[in-house]
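# After the sequence you'll find the predicted model.
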Amino acid sequence: MTPKERSNPSLINASRKKRIGAGSGTSVQEVNKLMKQFNQMSKMMKMMQGSKGRTMMQMMKNMPR
């Protein structure tokens, strides 16, 4: 992946996904799954940065184990 693609994964089109999959020995479906997980985690990290994140962390600390 190029540095631009790493910073903005939405730039990756279907042919690039196929090439990435072939280069890593995985399928296109696995590449798509990884990209979806990456997007979800980046959204989560952005939420954690704001004041909502502090509240959420406090709630998680108080959860029973």
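That came through fine.
# what about the longest helix seen in the chain, average pLDDT?
As assigned by DSSP state H, the longest helix anywhere in the chain is helix 28-49. For helix 28-49, mean pLDDT rounds to 88.
# Could you check how far it is from the centre of its chain?
For helix 28-49, the gap between its own C-alpha mean and the chain's C-alpha mean amounts to 2 Å (C-alpha atoms, centre = their mean, to the nearest Å).
# Name the surrounding residues that touch it.
Helix 28-49 is contacted by residues 9, 12, 14, 17, 18, 20, 21, 24, 53, 56, 57 when judged by C-beta atoms under 8 Å, 6 or more residues apart in numbering. Where you see a C-beta, it was placed from the backbone N, CA and C, and this is true even at glycine.
# Can you tell me which of the residues you listed are buried?
For those, a neighbour count by 16 or more other C-beta atoms under 10 Å gives the buried set as 12, 17, 20, 21.
# could you measure the first one against residue 40, distance?
The one in question is residue 12. Distance, residue 12 to residue 40, by C-beta to C-beta, to the nearest Å: 16 Å.
# hmm, back to that, would TSV of the contacts of helix 28-49 with distance to residue 46 and secondary structure be doable?
Shown next, in TSV, are the contacts of helix 28-49 (distance: C-beta to C-beta, whole Å; DSSP: H, G, I helix; E, B strand; the rest coil):
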residue	distance to residue 46	secondary structure
9	15	helix
12	20	coil
14	27	helix
17	24	helix
18	29	helix
20	25	helix
21	27	helix
24	27	helix
53	9	helix
56	12	helix
57	14	helix
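# Identify the farthest-apart pair in those.
18 and 57 (39.4 Å; C-beta to C-beta).
# which residues touch residue 7?
Contacts of residue 7 (C-beta under 8 Å, 6+ apart): none.
# what about it, distance to residue 22?
Per C-beta to C-beta, residue 7 is found 23 Å from residue 22.
# Same check on residue 56?
Residue 56 is 39 Å from residue 22, by C-beta to C-beta.
# and residue 60, what does it touch?
Contacts of residue 60 (C-beta under 8 Å, 6+ apart): none.
# For it, pull up the helix or strand it's in.
Per DSSP states H and E: residue 60 is located in helix 51-61.
# can you state the direction angle for that helix and helix 28-49?
Helix 51-61 runs at 100 degrees relative to helix 28-49, counting by axes from the mean of the first three to the mean of the last three C-alpha atoms, to 10 degrees.
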